[in-house]
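J.: sequence? don't have it. structure:
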């Protein structure tokens, strides 16, 4: 059933059909019309995690000062003009609101038609509210954050009954530099005002916001490069200048490095970094000057890797050595690849990984490009020919309690097989 088209023609009939489907599905009965796959999978996650479809649960609102702090720290503040220009004027006309939430599902901005804002208040769709999927059920903020793609949730497709008079269309906004989830932009309102093209519209504006973030990043690196050029010209040996997030602006005496993983609280002085080993760290306007020494890098025997796949949509990697540790949120593709390598400690070639991911061993170019990006932040911990973790490194995977919740956004054949064959929990290799 094309829900969007039916809602555009007859909203009342669409609401009745979706209500019947919801009631039957949640009662464990055979439905006359199957739920859409993205909705059915989300409902399954909700049932397994214990969300009550009849209870309107709301976690506490963030205090206003915490909302303000999160706004100031969120990269999404830079693209609000893009979102407003692309969505808000149309949302006002069609009696919708625009909502922008951070990666934790917290509503940071909410604008639009006053009557719809008042209705949203009644649903708990307020500033500072928590709209993660595992808190309030299937919805247009939390579900796109989990599956990492645009999702439209019509009326009875919401898992919690109190939300079934509402329709939401949300699209994730990711960091164009590394694929990290920054948040979700959502357009919401009554079912009868939703248009079939809303999903493509919201997705397009989200992509425009990502493009604007990419432009800002390149411009900031250009400014840092202008500062770095005369500094590096006076130095001998290996050195590079990076911004506060570790992205390289200029390099001398060594091959270009796209990014260096930095500790959360980097301080000047002698430090150990995975990509460079022992190096001197000096502050520079807008970034850091890293001067690599010729001392040998720390042994992989002192390296512990934790691959955290337990949280839907928020996979992370933590690397710990005797010299310190760092963490990184993983893009869905990198999470898939590292999961496969943790499963196959003996290693996987590019063709084997292409078959695992795409069921097509010829797609080695894509695999090699992604593995090259991963090796830039894992350094010597990850070997190639075949791709594998160092034999001496300790690798731990944290998996969801239910295997059906493993990497929910992944369609890779190897991951799909693991969902059905494995048992959830924690494994160490």
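T.: Nice, thanks for sending it over. Only a predicted model underlies this, so the values are computations on that prediction, with no experimental measurement involved.

J.: switch to C-alpha atoms for all contacts and neighbour counts from now on
T.: Will do.

J.: ranges for the strands of the stretch 251-400 of the chain?
T.: 269-273, 277-284, 287-292, 304-308, 316-321, 324-329, 382-383, 388-389, 394-398 (DSSP state E, counting those that start in this stretch).

J.: Over to the stretch 1-150 of the chain?
T.: According to DSSP E, counting those that start in this stretch, the strands that the stretch 1-150 of the chain contains are 97-102, 107-112.

J.: where are the low-confidence patches of the chain?
T.: In the predicted model, the chain carries pLDDT under 70 at residues 1-9, 93, 294-302, 322-324, 422-429.

J.: For residue 249, which residues are in contact?
T.: By Cα atoms under 8 Å, 6 or more residues apart in numbering, the contact set of residue 249 is 221-222, 224-225, 228, 240-243.

J.: did I read that right, it in a strand?
T.: Yes. Assignment of residue 249 by DSSP: H, G, I helix; E, B strand; the rest coil places it within a strand.

J.: hmm, back to that, out of the contacts of residue 249, who has the most neighbours?
T.: Within the contacts of residue 249, most neighbours by other Cα atoms under 10 Å means residue 241, with 31 neighbours.

J.: in what helix or strand does it lie?
T.: strand 239-243 (DSSP states H and E).

J.: That strand - contacts with which helices or strands?
T.: With contacts taken as 3 or more Cα pairs under 8 Å, 6 or more residues apart in numbering; DSSP states H and E, strand 239-243 sits against helix 198-233, strand 248-252, strand 287-292.

J.: Determine which stretch of the ones you listed is the most buried.
T.: strand 287-292 (a mean of 24; mean count of other Cα atoms under 10 Å).

J.: residues in contact with that one?
T.: 224, 237-244, 276-283.

J.: repeat for stretch 63-70
T.: For stretch 63-70, using Cα under 8 Å, 6+ apart, the contacting residues are 108, 127-128.

J.: could you list every residue that touches residue 55?
T.: So residue 55 contacts 160-162 (Cα under 8 Å, 6+ apart).

J.: Kindly reformat these as JSON lines containing secondary structure.
T.: As requested, the contacts of residue 55 are exported to JSON lines (three-state DSSP):
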{"residue": "160", "secondary structure": "coil"}
{"residue": "161", "secondary structure": "helix"}
{"residue": "162", "secondary structure": "helix"}
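
J.: Closest one of those to residue 304?
T.: residue 160 (41.0 Å; Cα to Cα).

J.: Helices of the protein, start to end?
T.: For the chain, the helices defined by DSSP state H occupy 3-9, 11-26, 37-49, 64-73, 80-83, 89-93, 114-122, 133-136, 142-147, 198-233, 332-343, 350-358, 364-378, 413-421.

J.: Report the beta-bridge partners for the residue positioned nearest the centre of the chain.
T.: With distances taken as Cα atoms, centre = their mean, residue 181 lies nearest the centre of the chain, 3.0 Å away. Residue 181 has these beta-bridge partners by DSSP bridges: residue 174.

J.: Use 32 as the first number for this chain going forward.
T.: Fine by me, first position is 32 from now on; the one you just mentioned is residue 212.

J.: Am I right that it is in contact with residue 134?
T.: Yes. The pair residue 212 and residue 134 qualifies as a contact (Cα atoms under 8 Å) at a distance of 5.9 Å.

J.: which neighbours do these two share?
T.: residue 176.

J.: Most neighbours of all the contacts of residue 86, which one?
T.: residue 191 (22 neighbours).

J.: What about the residue nearest to that one when sequence neighbours are not counted, how many residues nearby?
T.: In space, and not counting its chain neighbours, residue 191 is closest to residue 84: 4.2 Å by Cα to Cα, 6 or more residues apart in numbering. The number of residues packed near residue 84 is 20, by other Cα under 10 Å.

J.: show me what contacts residue 84?
T.: 168, 190-192.

J.: possible to save these as TSV with distance to residue 79?
T.: Formatted as TSV, the contacts of residue 84 follow (distance: Cα to Cα, whole Å):
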residue	distance to residue 79
168	12
190	13
191	14
192	17
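
J.: Considering those, which is situated nearest to residue 114?
T.: residue 168 (25.2 Å).

J.: OK, contacts around that closest one?
T.: Neighbouring residues of residue 168 by Cα under 8 Å, 6+ apart: 74, 77, 82, 84, 189-191.

J.: quick one: residue 169 from residue 239, how far?
T.: 26 Å (Cα to Cα, to the nearest Å).

J.: With residue 423 instead?
T.: According to Cα to Cα, residue 423 stands 44 Å off from residue 239.

J.: on that earlier part again, quick check: the farthest pair among the contacts of residue 280?
T.: 253 and 271 (14.2 Å).

J.: what about the closest residue to residue 198 other than its chain neighbours, distance to residue 221?
T.: Ranked by Cα to Cα, 6+ apart and with sequence neighbours excluded, the top spatial neighbour of residue 198 is residue 185, at 4.6 Å. Shown here: residue 185 relative to residue 221, a distance of 9 Å by Cα to Cα.

J.: of those two, who's got more company?
T.: Neighbours per residue, other Cα under 10 Å: of residue 185 and residue 221, the larger number sits with residue 185, 27 against 19.

J.: and the gap between the more buried one and residue 162?
T.: In this view, residue 185 and residue 162 are 16 Å apart by Cα to Cα.

J.: Residue 92 too?
T.: Residue 92 sits at a distance of 11 Å from residue 162 (criterion: Cα to Cα).

J.: Looking at the two now, which is surrounded by more residues?
T.: Neighbours per residue (other Cα under 10 Å) separate residue 92 from residue 162, with residue 162 holding more: 26 against 16.

J.: Can you get me a residue count around the nearest residue to that one once chain neighbours are set aside?
T.: On the basis of Cα to Cα, 6+ apart, the spatially nearest residue to residue 162 that is not a chain neighbour turns out to be residue 136, at 5.0 Å. Neighbours of residue 136 under the rule other Cα under 10 Å: 22.

J.: repeat for residue 432
T.: 16.

J.: just residue 85 next, same as before
T.: Other residues near residue 85 come to 10 when the count uses other Cα under 10 Å.

J.: picking that back up, out of the helices of the chain, flag the one nearest residue 291.
T.: helix 395-409 (6.3 Å).

J.: so what does the closest one touch, helix or strand wise?
T.: By 3+ Cα pairs under 8 Å, 6+ apart, helix 395-409 packs against helix 363-374, helix 381-389.

J.: Contacts for it, please.
T.: 288-292, 305-306, 364-365, 368, 381-382, 384-385, 413.

J.: next one: stretch 152-159
T.: Under Cα under 8 Å, 6+ apart, the answer for stretch 152-159 is 89, 92-95, 98, 137-141, 151, 162, 193-194.
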